[in-house]
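> Coordinates for the following, if possible.
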Amino acid sequence: MNSVFAPKLSVVVATYDRPELLRLLLDDLDRQTLAPSEFEVVVVDDGSTIPAGSVLEGRKTAYALSLIRQDNAGQAAARHRGICEACHELIVIVDDDMRLPENFLEAHRNAHERGFSVVLGHIRPARSLAEMPLFERFHARQLEKHVRAYRRGAPIAGMHLCTGNVSLRRADYFAIGGFDRELARSEDRELGIRLEAAGAKFAFDERAYTIHASDHTSLEVWRRRAFLYGVYDSRISEKHRELSSVNPWSYWFQVHPLSRPLLLAASAAPDLAGGLSAAASSLSVWLDRRGLESLALRGTALVYGLEYFRGMRAHAGSLVRSARDFVGFLVRSLVRGG
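Numbering: from 1, shown residues only. Presented below is the predicted three-dimensional model:
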């Protein structure tokens, strides 16, 4: 990929119904060590019921700030719109529920000046994580596993790209066609897969960190999101059949062996598994309230897996096709292993 890029940055923020968190994020951008003339901020309001314009109205910033409002079309479409409208070559994508240290933009730019083309920043949990719902603590632990692996020198795979905190070159983004706007989930994962295939050089930089100030509270919404990840990861696998690592069935090998029969059951009997998922959710919350967080987090991991495999089955459409996909994945894994 082209190693020549402009040093100025465009910060792209897709937002939806988070006026207070957006205000805090824009305040953090006003305190950056990078000179205001070195970056712009493009906010894309993805059809918020509380227009983001209410936050920006009358607001004076040292940096250039623009607002685009569109009908609700999803994160991929909103971020793509922001990148299309951006003026500078280096794009920093950050979620609207992140808080930023003062050197955030400078850290991203410095990493690119060292020759990297995609920089994953460290998403740290908020200090209030212990007071957040179980599912937020579960995801924070999953992210931390990746961070520990990166610290040990593990390679960064494109499928681990997370657009909550990432920077990339605008030319590289358009060279591969940008986000797949038909994906309602895992669009960042799929973008990373194509960037890696195109030769992008990935880096993880802990100095380019954000604090995740999540406001998610609904367990039912979270379960639905896990289900959709199963659906859209299956679509991504079909799009990239040559990559066994992105096949959602690989998740089956990553969970505790005792969980595997339950996940297969979720694929075979999704309605029954939905009831089991709800029961496991209630039990996990009950355990957490009694101070048994470790057991509660294990239960939450099981709930995620059940919903994820229910989503895989929904995509497959039938038990026969789901079983065929599973057997095919096992055979290919054995052949590679042999």
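> out of all of them, which helix in this structure is the longest?
Longest helix in the chain, counting residues (DSSP state H): helix 293-316.
> Just the buried positions in it, please.
For helix 293-316, the neighbour count (16 or more other C-beta atoms under 10 Å) marks 293, 296-316 as buried. C-betas here are computed from N, CA, C, even on glycine.
> where does the stretch 1-150 of the chain dip in pLDDT?
Residues of the stretch 1-150 of the chain meeting the criterion pLDDT under 70: 1-6.
> all helices in it, in order from the N-terminus.
19-30, 53-56, 75-85, 104-113, 134-151 (DSSP state H, counting those that start in this stretch).
> could I get those as a markdown table with distance to Asp95?
Output for these, formatted as a markdown table (distance: least, C-beta to C-beta, whole Å):
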| stretch | distance to Asp95 |
| --- | --- |
| helix 19-30 | 9 |
| helix 53-56 | 15 |
| helix 75-85 | 9 |
| helix 104-113 | 13 |
| helix 134-151 | 13 |
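> Can you lay out those as CSV showing mean neighbour count and distance to Arg185?
Below are these laid out as CSV (neighbours: other C-beta atoms under 10 Å; distance: least, C-beta to C-beta, whole Å):
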stretch, mean neighbour count, distance to Arg185
helix 19-30, 18, 21
helix 53-56, 17, 26
helix 75-85, 21, 9
helix 104-113, 21, 25
helix 134-151, 16, 14
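> closest to Ala269 out of those helices?
helix 134-151 (23.6 Å; C-beta to C-beta).
> now the angle between helix 293-316 and that closest one, please.
Using axes from the mean of the first three to the mean of the last three C-alpha atoms, to 10 degrees, the inter-axis angle of helix 134-151 relative to helix 293-316 is 90 degrees.
> Now do the following helix or strand past helix 134-151: which elements does it pack against?
Next in sequence after helix 134-151, counting helices and strands by DSSP states H and E, comes strand 165-169. Under the contact definition 3 or more C-beta pairs under 8 Å, 6 or more residues apart in numbering; DSSP states H and E, strand 165-169 sits against strand 90-94, helix 104-113, strand 118-125, strand 202-212.
> For strand 165-169, give the mean pLDDT please.
For strand 165-169, mean pLDDT is 97.
> For that strand, which residues meet the burial criterion?
Within strand 165-169, the residues that count as buried by 16+ other C-beta under 10 Å are Asn165, Val166, Ser167, Leu168, Arg169.
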